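J.: structure of the sequence below:
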Amino acid sequence: MIYRYDVMEVCLLAGKIMLQSGAETYRVEDTMMRIAASFGIRESHSYVTPTGIIFSIETSEPTKTKLIRINERSTDLEKVVLVNNISRKISGGELTVDEAYDELEDLQRANLSYSFLTQVLAAAISSGCFLIMFQGDWNDFLPALVSGGVGYISVIYFHRVVPIKFFAEFLASFFIGMLSFIFVSLGLGQELDKIIIGSVMPLVPGLLITNAVRDLMAGHLVSGLSKGAEAFLTAFAIGTGIAVVFMIM
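T.: Numbers count the residues shown, from 1 in each chain. You can find the predicted model right below:
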């Protein structure tokens, strides 16, 4: 029985890592049940929402069910891929329960994200590229690059200072709007709308929207609607920050 409960811990840890890293709900549930089946537990049930995981196994003894809470969520698709790789190794019989748990624990502790400077540079460059994609002028590339970089720095900083996600997006978009307006006022930029649109694109919750649609299509209505609501509120916060700038100016 202890062995079966150890399998449950492996499944829950794998699901937790995936959910915290931005995986779709149906993918998390499928991975957990596949891991359980690979270790000989044919009857398992999982229920996953963006904020929690419920997992149970059917045994000859009373059914054991465990709930874990998910407080923090980010985007780290590399961890999702690595958990899938561990799941495939389990299915292939290459890992024992203890070995799988140790690998998952190491993966959970690992910091695989890019450095802060790399993230800011990527956001800045992508802002300029989005401006060109939206048929902006090359003269506005540098203002969009600077505004997008500052906006991304702002959202990361405010996430650390104030643990309210939508507040951080609101302030970041506000700073983007102010900077864009200053650039245009000084004659360093030409098309204010294109600069703003390109600069806010790194803040847009694209992955969240995609996961919401995929969860809805897979029949996970609770997760799909909650992720959709979160994406809507994030987009609303970004739009409100820009709207405030136009009202002031």
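J.: now do the buried residues in stretch 118-128.
T.: By neighbour count with 16 or more other CB atoms under 10 Å, stretch 118-128 contains the buried residues 119, 120, 123, 124, 125, 126, 127, 128. (Glycine included, C-beta is placed from N, CA and C.)
J.: same question, stretch 40-48
T.: Using 16+ other CB under 10 Å as the test for burial, stretch 40-48 gives 41, 44, 46, 47, 48.
J.: now the end-to-end length of it.
T.: Stretch 40-48 has an end-to-end distance of 22 Å (criterion: CA to CA, to the nearest Å).
J.: contacts for it?
T.: With contact meaning CB atoms under 8 Å, 6 or more residues apart in numbering, stretch 40-48 is reached by 4, 7, 11, 15, 19, 25, 28-29, 32-33, 36-37, 53-58, 220, 223.
J.: which of these are buried? Put it as a PyMOL command.
T.: Buried subset of the contacts of stretch 40-48, written as a PyMOL selection, criterion 16+ other CB under 10 Å:
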select buried, resi 4+7+11+15+19+25+28+29+32+33+36+53+55+56+57+220+223
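J.: out of the contacts of stretch 40-48, which are inside helices?
T.: Under the assignment DSSP state H, those contribute 4, 7, 11, 15, 19, 25, 28-29, 32-33, 36-37, 223 to helices.
J.: what is the nearest of the buried residues of stretch 40-48 to residue 144?
T.: Among the buried residues of stretch 40-48, residue 48 lies closest to residue 144 (CB to CB), at 38.1 Å.
J.: returning to what we had before: columns pLDDT on top of the ones in helices among the contacts of stretch 40-48, output as a markdown table?
T.: Supplementary listing: the ones in helices among the contacts of stretch 40-48 in a markdown table, determined by pLDDT from 0 to 100:
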| residue | pLDDT |
| --- | --- |
| 4 | 67 |
| 7 | 86 |
| 11 | 92 |
| 15 | 93 |
| 19 | 92 |
| 25 | 88 |
| 28 | 91 |
| 29 | 90 |
| 32 | 92 |
| 33 | 91 |
| 36 | 89 |
| 37 | 89 |
| 223 | 85 |
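J.: which one of those is nearest to residue 115?
T.: Nearest to residue 115 among the ones in helices among the contacts of stretch 40-48: residue 19, at 24.6 Å, using CB to CB.
J.: center of this structure - which residue?
T.: Geometric centre of the chain, nearest residue: residue 75, 3.1 Å, by CA atoms, centre = their mean.
J.: which residues touch that residue?
T.: Going by CB under 8 Å, 6+ apart, residue 75 touches 21, 22, 207.
J.: got the phi and psi for it?
T.: When read as degrees, to the nearest 10, the backbone of residue 75 gives phi -120, psi 110.
J.: equivalent analysis for residue 67, please.
T.: Dihedral angles of residue 67 (phi, psi; degrees, to the nearest 10) stand at phi -120, psi 130.
J.: the residue nearest to it when sequence neighbours are not counted bridge partners, please.
T.: Closest residue to residue 67 apart from its sequence neighbours, by CB to CB, 6 or more residues apart in numbering: residue 54 at 5.0 Å. Here residue 54 sits in beta bridges with residue 47, residue 67, going by DSSP bridges.
J.: dump the residue contacts of residue 54.
T.: With CB under 8 Å, 6+ apart, residue 54 has these contacts: 46, 47, 48, 65, 66, 67.
J.: now, which of the residues you listed sits nearest residue 184?
T.: Checking these against residue 184 by CB to CB gives residue 48 as the nearest, at 46.0 Å.
J.: distance of that closest one from residue 76?
T.: Residue 48 is 17 Å from residue 76, where distance means CB to CB, to the nearest Å.
J.: with residue 67 instead?
T.: The gap separating residue 67 from residue 76 is 23 Å, by CB to CB.
J.: neighbour count for these two, which is higher?
T.: More neighbours surround residue 76 than the other of residue 67 and residue 76, with 20 against 11 (other CB atoms under 10 Å).
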